[in-house]
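K.L.:
let me see the structure of the following:
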Amino acid sequence: MHITPEQNAALTRSGPGTPMGRLFRSYWIPALLASELAEPDGAPVRVTLLSEKLVAFRDSQGRLGLVDEFCAHRGVSLWFGRNEESGLRCPYHGWKYEVTGQCVEVPSEPADSGYCERIALKAYPLLDRGGVLWTYMGDPATQPPEPAHDWATLPAGQVYASKRIQRCNWLQAMEGGLDSIHSSFLHRYSVGEDPLLKRDPVSAALLKGDPRPVFIPAESPGGLYIATRRNAGDEQHYWRVTQWLMPCFNLFPPYAGNPHGGHAWVPIDDESCWTFSVDYHPDRALSDAELQAMHEGCGIHAQLQPGRFTPLAHQGNDYLMDRQAQTARLTFSGVRSIPIQDAAIQESMGPVEDRSRENLVSTDNGIIKTRLRLLNALQGLEQGLLPPGRDASQQRQRAFSAVQPKAMKLAEVVALAAAGAAEPAEAAQDASGRPA
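P.N.:
Numbering: from 1, shown residues only. Have a look, this model is predicted:
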């Protein structure tokens with residue numbers, strides 16, 4: 001598939017009035033971490049999403065608000081405001097706003113004049129789910145059900161979410177997350193000792209047993225199944241199935257004992273995005289050791305600068321490139337940490353990659369299908385059709401791995417997994433205990 005400059009622009013520009021902006025505004029999307037607004041009457045937080053400058057706050061009653069950053073009076077940033085007594089007050093002339101954006105007080109005008117009733121800021125709803133605050137920025141008439149992603153509905157002790165800023169367009173960051181073949185190179189030497197990404201012996205043997213997997217992307221109700229299929233002996237296949245959910249979510253299959261994981265890539269503007277990273281266990285609480293590793297920046301989480309969401313290793317310091325570690329095969333790229341390796345490569349393409357210059361191969365089939373799915377959704381919106389992936393049933397998906405007979409097609413493998421009947425890959429052993 002050859003992407004034209006016009007298609008590239010449609011896929012990467014997400015501001016108000018753009019095709020991709022309309023698509024993102026058709027979904028609940030992550031806006032910030034719940035921990036950023038932990039207390040009533042706490043400090044407001046600047047939030048830029050889809051090129052809109054906003055401010056978030058939690059009022060005295062604990063209600064969440066996401067409103068235009070700038071006061072309707074003379075455009076002062078409400079980030080400087082006082083969050084108190086059930087509203088956010090502009091520090092310049094005292095105008096006060098509720099979480100709905102409604103102005104409730106203009107001190108210079110008589111209370112009975114009704115002036116403030118005519119003033120309201122743009123405002124969007126916020127929901128607390130899975131350690132993340134979600135917002136819907138689209139038409140209220142077509143607001144979808146609340147987010148129901150696998151990790152978003154779990155108790156607090158079973159999910160951990162982090163975020164980091166990435167200095168490139170959301171699409172190239174997301175495509176990096178969907179491109180699983182790069183792990184064999186970019187992340188080589190980096191996963192073996194990581195407590196959150198270690199591979200169990202059976203899965204490791206299955207991966208090593210067939211170093212040339214077949215990539216099989218297929219449409220799902222809410223996005224795509226992006227599957228890799230390897231030979232596992234003469235009669236079986238080893239499947240690893242990543243879920244991509246519209247517009248910007250992925251879930252990847254864990255190895256035995258590890259948490260499930262996933263990401264969301266949310267545009268800040270056309271040249272930067274938030275990468276939200278989530279680890280979770282569907283059936284148990286995360287252990288103290290797992291939580292400590294996540295806090296320390298292991299697995300898919302990054303070490304951050306204190307009080308900020310900028311990684312310690314970033315573009316400005318060449319991602320702390322270590323050529324000696326590269327030569328010694330401690331890392332393949334010279335960059336340490338899985339998320340920083342990803343960020344370095346993705347940001348090296350420039351703020352917005354020119355996809356018209358690419359030369360794609362068979363292992364890029366998942367990326368090609370993702371772009372087609374997005375372009376088709378944009379076309380559908382132009383025709384008045386709501387995009388896929390908005391319904392709870394389409395969001396309640398889980399990535400998985402399985403070993404199944406070679407005669408079984410991807411659709412059958414997915415159906416068995418959805419029914420809970422798929423044999424986990426780590427259980428695929430013969431009578432001697434060796435990988436089948």
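K.L.:
what about the closest residue to Tyr92 other than its chain neighbours, how many neighbours?
P.N.:
Nearest residue to Tyr92 in three dimensions, chain neighbours excluded: Val76, at 4.5 Å (C-beta to C-beta, 6 or more residues apart in numbering). The C-beta positions use only the backbone N, C-alpha and C, and glycine is treated the same way. Counted with other C-beta atoms under 10 Å, residues neighbouring Val76 total 17.
K.L.:
same check, this time on Gln326
P.N.:
Using other C-beta under 10 Å, the number of residues around Gln326 comes to 15.
K.L.:
secondary structure class for it?
P.N.:
helix (DSSP: H, G, I helix; E, B strand; the rest coil).
K.L.:
please identify the helix or strand for the closest residue to Met321 other than its chain neighbours.
P.N.:
Nearest residue to Met321, sequence neighbours excluded (C-beta to C-beta, 6+ apart): Gly334, at 4.9 Å. Taking DSSP states H and E as the definition, Gly334 sits outside all helices and strands.
K.L.:
show the contacting residues for Gly334.
P.N.:
321-323, 325-326 (C-beta atoms under 8 Å, 6 or more residues apart in numbering).
K.L.:
out of the residues you listed, which are buried?
P.N.:
Taking 16 or more other C-beta atoms under 10 Å as the criterion, what is buried in the contacts of Gly334 is 322, 325.
K.L.:
farthest-separated two in the contacts of Gly334?
P.N.:
Within the contacts of Gly334, two members stand farthest from each other by C-beta to C-beta: Met321 and Ala325, at 9.0 Å.
K.L.:
all strands of the stretch 301-436 of the chain, in order?
P.N.:
For the stretch 301-436 of the chain, strands defined by DSSP state E, counting those that start in this stretch occupy the ranges 400-405.
K.L.:
ok now the helix or strand Glu6 falls within, how far from the chain's centre?
P.N.:
Per DSSP H and E: Glu6 is located in helix 5-12. Chain-centre distance of helix 5-12: 21 Å, with C-alpha atoms, centre = their mean, to the nearest Å.
K.L.:
now do that helix: everything it contacts.
P.N.:
So helix 5-12 is contacted by 3, 18-20, 169-171, 270, 352-356, 371, 374-375, 378 (C-beta under 8 Å, 6+ apart).
K.L.:
buried ones only from those residues, please, as a PyMOL command.
P.N.:
Buried members of these, defined by 16+ other C-beta under 10 Å, are picked up in PyMOL with:
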select buried, resi 3+18+19+20+169+170+171+270+352+353+355+371+374+375+378
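K.L.:
so which of the contacts of helix 5-12 belong to helices?
P.N.:
Using DSSP state H, the subset of the contacts of helix 5-12 located in helices is 19-20, 170-171, 371, 374-375, 378.
K.L.:
and which of those is nearest to Tyr92?
P.N.:
Closest to Tyr92, out of all of the ones in helices among the contacts of helix 5-12 and judged by C-beta to C-beta, is Trp170, at 34.0 Å.
K.L.:
list the contacts for that closest one?
P.N.:
Residues in contact with Trp170 (C-beta under 8 Å, 6+ apart) are 12, 14, 248, 265-267, 273.
K.L.:
in the protein, which segments are predicted with low confidence?
P.N.:
421-436 (pLDDT under 70).
K.L.:
including distance to His314, could the contacts of Gly334 go into a markdown table?
P.N.:
Shown next, in a markdown table, are these (distance: C-beta to C-beta, whole Å):
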| residue | distance to His314 |
| --- | --- |
| Met321 | 11 |
| Asp322 | 15 |
| Arg323 | 18 |
| Ala325 | 18 |
| Gln326 | 18 |
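K.L.:
okay, the residue lying closest to Ala285 once chain neighbours are set aside and His281: tell me how far apart.
P.N.:
Spatial nearest neighbour of Ala285, chain neighbours left out: Gly157 (4.0 Å); criterion: C-beta to C-beta, 6+ apart. Computed as C-beta to C-beta, to the nearest Å, the Gly157 to His281 distance reads 9 Å.
K.L.:
of these two, which one has the most company?
P.N.:
Ranked by neighbour count (other C-beta under 10 Å), Gly157 and His281 place His281 first, with 19 against 11.
K.L.:
for the residue nearest the centre of the chain, which residues are in contact?
P.N.:
What sits nearest the mean C-alpha location of the chain, by C-alpha atoms, centre = their mean, is Ala264, with 0.7 Å. Contact analysis of Ala264 by C-beta under 8 Å, 6+ apart lists 29-30, 248-249, 274-276, 278.
K.L.:
give the next helix or strand downstream of the helix or strand hosting it.
P.N.:
Assigned by DSSP H and E, Ala264 belongs to strand 260-269. Scanning forward in sequence from strand 260-269 by DSSP H and E, the next helix or strand is strand 272-280.
K.L.:
can I assume Trp28 is in contact with Pro144?
P.N.:
Yes: taking contacts as C-beta atoms under 8 Å, Trp28 lies within contact range of Pro144: 6.5 Å.
K.L.:
these two - which one has more neighbours?
P.N.:
With neighbours defined as other C-beta under 10 Å, Trp28 and Pro144 compare such that Trp28 has more, 25 against 18.
K.L.:
dihedrals phi and psi, the more buried one?
P.N.:
Dihedral angles of Trp28 (phi, psi; degrees, to the nearest 10) stand at phi -70, psi 130.
K.L.:
do you know how far it is from Asp391?
P.N.:
Trp28 is 12 Å from Asp391, by C-beta to C-beta.
K.L.:
excluding its backbone neighbours, what's nearest Gln236?
P.N.:
That would be Val403: by C-beta to C-beta, 6+ apart, it lies 5.2 Å from Gln236.
K.L.:
just the element for Ala204, please.
P.N.:
With DSSP H and E as the criterion, the answer for Ala204 is helix 201-209.
K.L.:
buried ones in that helix?
P.N.:
202-203, 205-207.
K.L.:
nearest to Gly65, of the residues you listed?
P.N.:
Nearest member of the buried residues of helix 201-209 to Gly65, counting by C-beta to C-beta, is Ser203, at 45.3 Å.
K.L.:
doesn't Ser401 make contact with the closest one?
P.N.:
Yes: Ser203 lies in contact with Ser401 (C-beta under 8 Å); the separation is 7.0 Å.
K.L.:
on that earlier part again, between the helix holding Ala204 and strand 400-405, how big is the angle?
P.N.:
Compare the direction of helix 201-209 with that of strand 400-405 by axes from the mean of the first three to the mean of the last three C-alpha atoms, to 10 degrees and you get 70 degrees.
K.L.:
next one: Ala264 from Pro147, what distance?
P.N.:
Ala264 sits 10 Å away from Pro147, going by C-beta to C-beta.
K.L.:
next: Val45.
P.N.:
Val45 is 20 Å from Pro147, by C-beta to C-beta.
K.L.:
name the residue in the two with the higher neighbour count.
P.N.:
Neighbour tally, Val45 and Pro147, criterion other C-beta under 10 Å: the higher count belongs to Pro147, 22 against 18.
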